[in-house]
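Peer 1: Model the following, please.
(chains A, B and C)
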Amino acid sequence: MTLVTDMAGAAALVERRSFWKNRTVRRLLRHRSFMIGMALCLLVTVLAVLAPVISPFDPARMSIRNRFQLPSGTYWLGTDNLGRDIFSRIAWGARFSLAIGLGVVLLNAVFGVLLGALAGYYRRLDGILMRLADALMAFPSVLLAIGIAAAMGPSAMTAVISLAVVYIPRTARILRSSVLVVKEMEYVQASIGAGAHDIQILCRHILPNCMAPLIVQLSFVFAYAVLSEAVLSFLGLGSAPSVPSWGMMIAEGRSYIREAAWLTIFPGVAIAVTVLGLNLLGDGLRDVLDPRVKLHD
Amino acid sequence: MLAYALRRIAQAVPILFLVSLISFGIMQLVPGDPAAMLAGPNATPAELAQLRQNLGLDRSFLVQLGIFYGNLLHGDLGHSLILGQPVLETVIERSPISISLAIYSLVLTILFGISIGMVAAMRHNRILDQIAMVIALIGVSVPNFWLGLVMIVLFSVQLGWLPTGGYVPFTEDPLGWLRAATMPAVAMALMQIGLLARLTRSTMLEILGQDYIRTARAKGLRETTIIVRHAMSNVLMPIVTVIGMILSVLLSGSVIVETIFAVPGIGALLGNAILARDYPMIQGGLLFVASALLLLNIAVDLIYAWLDPRVRLQ
Amino acid sequence: MKMARIKARLLACTAVAAGLLSWGVAAAQAEICGRKGGDLVFGMEAKLSTLDQHVNAANATRNVAMNIFETLMTRDENMAPVLDLADSLDISQDGKTYTFKLRPGVKFHNGKPLTSADVAGSFARYKRIGIDRSALDAIDRWETPDDATFRIILKEPRATFLESISASTVPIVIVPADQSNAEPTQLKPIGTGPFELVEFVADSHVKVKRFDGYVPNKSLKGISGFAGQKEACLDTVTFRTLAEPGARTAALETGEVQIVEDVPTLSRERLSKNKDIKVVQLDYAGLNLTYPNFSQAPTDNLKVRQAILASLNMEDIMDAASDGAFSLNPSFQFPGQTYYSEAGSQLYNQNNPEKAKALLKEAGYKGEKVVLLTTRDIPRAYTTALVMSEQMKAAGINAELLVLDWPTALGMSVNDTKGWNFFFTTWITVTAQGGAQSLRNLADPSNVHKPVGNKSDEDFMEQFRILSSSPDLEKRKEAFAKAQARVFDQVMAIPFGAIPKIQATRANVEGYIPFFNTRVSNVWLKQ
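Peer 2: Numbering: from 1, shown residues only, chains lettered A, B, ... in the order given. This is a model prediction of the structure:
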C-alpha cells in the first residue's frame, strides 16, 4: 500500500493560514465527495454506535437449526453456518473496524507527530529516526503486520499496534517533511533567533502549520487501517473470536461461497463502503486543504 | 551520478542491518513451536526436546543471532525448518513467480491507471470524469482478498473462463501463464490502478491549468497536440516515482492474493513461514525481499535523477 | 531354532501367488487398468512442504509420498498389518526374531535393485530421526544375512510389534541405502513405488509419472490399503494444492482437476447432481475430539471433568462442526475395526445439564474459568469448541475460548501444563492405526492430557500394557474395552463423533477408491 510520502507533495500541503478558518469549513460543506464520504462514514458510525440497540439478535447466538437462511424479514442479511444473524454481526463488526481504525489513527497522530517533529527539528536525531523508519518501511507492510500480530496473539490491541507500527513511519516522514519546510520560514527563523524555547517554537509555530497534511494523511491511514484489519482478521490474527469482525466473517464464509454466497458478500460490501467513505472524506480534505490542486474553481 | 548511486547503496547497509534485527526480534517474540509442528501427533516430550535441540531452537537469542550473522557473511541464509531447502535457493526459486505477476500487475496498472486518469482529466467535471473517478475509488476501497474470492466464483465457476488458480511458468506455456496469472494480477492491480488514476488525474489537471498550456490553447492548438507535446512529459515525472513505489508494493508479493489463488510466490512463501514458525525462512526471506526493494528504490531514484537533473544537486 | 511360518490373512501366500503368476499378469493388467495413459490432476486441500516421509506426519505428505515409496509392512484396506515389500515373514517360536524375505525383482526408481542393505539403511535412518522412532525401541538389532533377507531381533517378545512397524502415520518407507545418512527433510525421493517423482514445488504442486520398472506385489488381488497389486495406469499425476475450498470444487467442476479431496458438506449435494462428477466418501475417516488438561484447575478435578462430559450433546456439536455430515461414535475406534468397543459409552452424549450441575456442586466448583484452546486454522476444531462452550455455559460452567493460530495452539498444548483446559483436534491416523495406537496418546510417556508427573492413570495403564503386549487378540480386545471405559470414566479424552472424508472425481475417473490417503495407482481415465 502506498501513501503519499514524497517530500514535494507534503511540503506543498503546508499552509500559513490556519486550517480552522470558517472559509475552510464552508468549502468542505460545499465539496460533493467530502459530503458523500461524510454521509457514508456517518452511516457506518451510526451502525457501530447503535449496534446493541439495532441488532435484532445477539451476534454470537448460534442456532444450528436456522443455519444458512437466506435474507428475510427475520434475518435481514441471512444467517451464517452456525445460524448467527449476519446483520447483527455486521453491525457489531462495524464497531470493531472503526475502533481499530481510530486506535491506529490516534497512535499515528501521537507517535507520527512526535517522531516526525523530532526528526524534522533536530538534525542529529533525523538520521537515526529516518533510518529506523526506512527499515520498517522496507518490510512488505502486510508481512510486518502479520509477524507482529502473530507475536502478540489475536486481540483488538494486537491489531491496533501491528497496524500502527506499519503506518507510523509513513506518517512521521510526512510530518518531518512539513517541519523541514516550515522551519525555514522567516518568522520561525526569527523566533529561533530571538532565543525562544524549542518546545515553544515547535508547538506554537511549527506544528499548527503542519496540521493540513497531517489531517489528510490520517484520513487515509484510517482507510488503510480498516482494510488491513480485515486482512489480519481474515488470517485469524485480528480480532478475538467473541468479537465479530468483517474480515473474520469473510474467512468463515469462504468455504460456503458457492452455496451461500451471502456469508461472504455482505461483510465484503461493508468493508468496501467504509473504506470508500473514508477515501472520499480524505479526498475532500485534500482538495480543500491543498492549495496546489484547484479542482473546484 | 556514480557517486550518488554509491552513496545511496552505502545508506542501505545500516537499514538492512536494522531490517534483519527487527525480523529476528519479532520472530523471537512469536509463541508457537516449530518442533511440535514437525513432530507429529505421537511425539513424546523426550522426542520433542531432541528435535528442538537438532533444530538449534534451544540456543539463546544471542547465540542464534550470532550464528545467523556468521552464516550471512558467507552468503548463507540458513535452511528452512519446514521445507528443508536452503532459504536463499528457495527464495530465488520463487522470485520469478512473484516478479512475473508483479510485472503483469504493473502493466495493467500503468495501462488502466494512466488512461483512466487522463480521460478523467480531459473530461474534467463531466460525466466521463465522474465514472472514471468512481471506478478508481472502488479500486482503492475493495479488499483484494474478497475480490479474489468473488472473481473465482464469477470467472472460474460461473463463466468458466479462467482457471481457479495455480501458476504456469511463462517460459513453458505463455498462454497458460496469462490465463492463470490474470485474476491474481487484477486482484493485486485494482488498488494500484485506483491510486495511479487519481494521481494522474490530479497531476494532469494541475498542469493543464498552468500558463504555458493556456498559451498553447490560446494559440489554437488542438487539445490532443497540447497534451501529447506539452503536458505529457511533465505528467510523467511524478508518475515515475509513484510507479517505483507501486512496483515495490507489487513485488513484495501479496500474501493473501497468492494464497487464495494458490500461487507459490514470495508472499505466500513468507506468509506461510510466519504462520508455520519457520524462523530461518522468515529471517532470510524478509532480508532478501527488503534488500531487493531497497535496490529497486535506489534504481527508481537514479532514473528520477536522470530525468530531472535538479535532484542530483540535493 | 524352531520356526513357525506365519501365513495369516495379512501375510503373503507366496505359493499361491507364484502359481497365479503364469497367467495372472496379462489378465490382471486388463482388469486393473481399463486404459493406460493420460494425465490426472488431484486437488489437495493442504500445502505440501516435504516428501521426506520419515520426518513428516502431515496428511499432504502421505497423500503423495505413499504413491512414490513403499514399506516392508503396511496396512491393508481395514488398516490391518500386511506385508508389502516383503514376500514372507517368519517369526521365531520365542517371538523375538522376525525374518523377512524381500520380494524378488523390486527396483528403485534409480534402477538399482532392492536389497536387505537398503531396508537396513532405511530402518537406521528412521531410528535416528524418524518421527515415530519409538516404534523401533523394542528392537535389539537387525541383520542382513543375505541380499534378500532382513532379520529383526527384539529385546523381548512384543505382540504388537508388527502393528508398530506397519503403522501408516509416519511409515518407515524404504529408500536406497545411500540415503541412510540424509539429514531430516534432505531425503532424495527415490522409492520403489509405482510412480516416480518428476517435479516438486513446495506449497504448490508435485508431479509424478509412471515408473516403468515397477514390479507389483501380486500377493493380494488389487489394491488393499497401502499394499496390494498396484499399477500406474496414468502417465502422470499432478498433486496440486488448492487450499480454497470454493476454488477446489470449482476446479473439479470446470474439469481443471479430476479428483478433489475435502469437499465441503454443502457442496456434496450439488456435486452429486452433476452428471460429470462422482462423489465418493469414506464414512469413518477421522475422530473429532478434545482432551482436558489434568494439570490445570479446574479440570484437575475429576468431578468437574465428569460434569463437563455430562453437559455435552454430541449430536449438536457434530452437526455444527461438520455442517451435518457425521456419525456419532462412542469409541476411540471406528465400527468395523478389530478393537471397536462401546464400553463406557453410557457416559457419551449424555446431554444432561442437571447431572452436570449436581456434579459441579459435589466438586465444589465456584465458577473458575475453563479455557478451551482451539484454532481457527482448522474450522472444525474452532466450531466444536464454540458449540461446546455454549453447552458448558448452559450447565453453569464458565467456559472461555482461547483461539490461537495452529502452531501457537499446538505448541501450547504440547509444552505448557498451564493456561488451557481443553485442546481440540481430530485424530485421523491415530484412530486408524488400531487399538493400542489409538490410546497411545493417553499412555506413558506420550500423555497429551498432562497428568501430574507425566504419569497416566494406573488402572488405565494396566489395561494398556495388556493391550500392547498380550499375544492373545481376545485378551487385547478385552483390555482395549476396559481401557476405553476407564478413559470415559476418568474423562481423559472426549470423542465427539466421526467425520467422513468426502471426495469427488470427474465421471471418467475409474478405479478410484477413497482411503485415509490418496492412492492414484489402479486409477484410470475412461475415454
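Peer 1: List the buried residues in stretch A:268-287.
Peer 2: Along stretch A:268-287, the positions that meet the burial threshold by neighbour count (16 or more other CB atoms under 10 Å in any protein chain shown) are A:268, A:270-287. C-betas here are computed from N, CA, C, even on glycine.
Peer 1: Next: stretch B:65-79.
Peer 2: Within stretch B:65-79, the residues that qualify as buried are B:65, B:68, B:71, B:77, B:78, B:79, counting by 16+ other CB under 10 Å.
Peer 1: what does stretch A:203-213 give?
Peer 2: For stretch A:203-213, burial by neighbour count (16+ other CB under 10 Å) applies to A:205, A:206, A:207, A:209, A:210, A:211, A:212, A:213.
Peer 1: Would you agree residue C:476 is in contact with residue C:464?
Peer 2: No. The pair formed by residue C:476 and residue C:464 falls short of the contact definition of CB atoms under 8 Å, at 10.4 Å.
Peer 1: which residues are in contact with both of the two?
Peer 2: Overlap of the contact sets of residue C:476 and residue C:464 (by CB atoms under 8 Å, 6 or more residues apart in numbering or on different chains) consists of residue C:436.
Peer 1: Can you list the low-confidence ranges for the chain?
Peer 2: In the absence of a named chain, chain A is used. With pLDDT under 70 as the threshold, chain A has low-confidence stretches at A:1-22, A:290-297.
Peer 1: wrong chain, I was asking about chain C
Peer 2: Using pLDDT under 70 as the threshold, the predicted model of chain C has low-confidence ranges C:1-30.
Peer 1: what about the closest residue to residue C:86 other than its chain neighbours, which helix or strand?
Peer 2: Spatial nearest neighbour of residue C:86, chain neighbours left out: residue C:100 (4.1 Å); criterion: CB to CB, 6 or more residues apart in numbering or on different chains. Under the assignment given by DSSP states H and E, the secondary-structure element containing residue C:100 is strand C:97-102.
Peer 1: In terms of helices and strands, where is whichever residue of the stretch 151-300 of chain B sits closest to chain C?
Peer 2: Distances from the stretch 151-300 of chain B to chain C, computed as CB to the nearest CB, single out residue B:264 as the nearest residue at 3.5 Å. Residue B:264 is part of no helix or strand, with elements assigned from DSSP H and E.
Peer 1: which phi and psi does it have?
Peer 2: The phi and psi torsions at residue B:264 (degrees, to the nearest 10) take the values phi -80, psi 60.
Peer 1: Need the phi and psi values for the residue sitting nearest the centre point of chain A.
Peer 2: Compute the mean C-alpha point of chain A, and by CA atoms, centre = their mean the closest residue is residue A:222, 1.0 Å away. Dihedral pair for residue A:222: phi -60, psi -50, per degrees, to the nearest 10.
Peer 1: Contact partners for it?
Peer 2: Shown here is residue A:222, whose contacts under the criterion CB under 8 Å, 6+ apart are A:101, A:102, A:104, A:105, A:278, A:282.
Peer 1: From residue B:282, how far out is residue B:68?
Peer 2: Going from residue B:68 to residue B:282 by CB to CB, to the nearest Å gives 11 Å.
Peer 1: contacting residues around residue 60?
Peer 2: You didn't say which chain, so I picked chain A. With contact set as CB under 8 Å, 6+ apart, residue A:60 has these partners: A:84, A:242, A:244.
Peer 1: was after chain C, sorry
Peer 2: Applying CB under 8 Å, 6+ apart, the residues contacting residue C:60 are C:44, C:45, C:46, C:47, C:48, C:49, C:241.
Peer 1: okay if I get those as TSV plus neighbour count, secondary structure and distance to residue B:248?
Peer 2: Output for the contacts of residue C:60, formatted as TSV (neighbours: other CB atoms under 10 Å in any protein chain shown; DSSP: H, G, I helix; E, B strand; the rest coil; distance: CB to CB, whole Å):
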residue	neighbour count	secondary structure	distance to residue B:248
C:44	25	strand	33
C:45	17	coil	33
C:46	15	coil	31
C:47	19	coil	27
C:48	26	coil	30
C:49	24	coil	28
C:241	22	strand	28
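Peer 1: The residue in the stretch 1-150 of chain C positioned nearest to chain B and chain A: what is the separation?
Peer 2: Closest contact between the stretch 1-150 of chain C and chain B, by CB to the nearest CB, is at residue C:57 (2.8 Å). Spatial separation of residue C:57 from chain A under the definition CB to the nearest CB, to the nearest Å is 23 Å.
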